[in-house]
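1. Build the 3D model from these lines:
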Amino acid sequence: MRARIYIDASVVGGCEDDEFAEDSVRLMECFVRGREVLTDE
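-> Residues are numbered from 1 along each chain as shown. As a prediction, the model looks like this:
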């Protein structure tokens, strides 16, 4: 079962921030590849 993960806008913004980009981009790639599910709850 894939994890359902809620994120707020700061995670998306973190993709463009040098301090947080590595982890934020890695999480977003998990959503794109279907390993995790992005949820709004």
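2. for stretch 16-36, the distance to its chain's centre please.
-> In terms of CA atoms, centre = their mean, to the nearest Å, the centre of stretch 16-36 is set 5 Å apart from its chain centre.
3. any residues touching it, and which ones?
-> With CB atoms under 8 Å, 6 or more residues apart in numbering as the test, stretch 16-36 has contacts from 2-5, 7, 11-15, 37-38. Glycine gets a C-beta too; all of them are placed from N, C-alpha and C.
4. Restricted to strands, list these.
-> In strands, judged by DSSP state E, the following of those are found: 4-5, 37-38.
5. What's the local residue count around Glu41?
-> 4 (other CB atoms under 10 Å).
6. From Glu29, how far off is it?
-> 22 Å (CB to CB, to the nearest Å).
7. Now, of the contacts of stretch 16-36, which are buried?
-> 7, 11, 14 (16 or more other CB atoms under 10 Å).
8. isn't the first one right up against Leu38?
-> Going back to what we said before, that points to Ile7. Yes: using CB atoms under 8 Å, Ile7 is in contact with Leu38, at 6.8 Å.
9. For the ones in strands among the contacts of stretch 16-36, which two are the farthest from each other?
-> Using CB to CB, the two most remote members of those are Arg4 and Leu38, lying 8.0 Å apart.
10. Would you state the helices of this structure in chain order?
-> Using DSSP state H, the helices of the chain run over residues 9-14, 21-33.
11. Dump those to JSON lines, plus mean pLDDT.
-> Shown next, in JSON lines, are the helices of the chain (pLDDT from 0 to 100):
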{"stretch": "helix 9-14", "mean pLDDT": "93"}
{"stretch": "helix 21-33", "mean pLDDT": "96"}
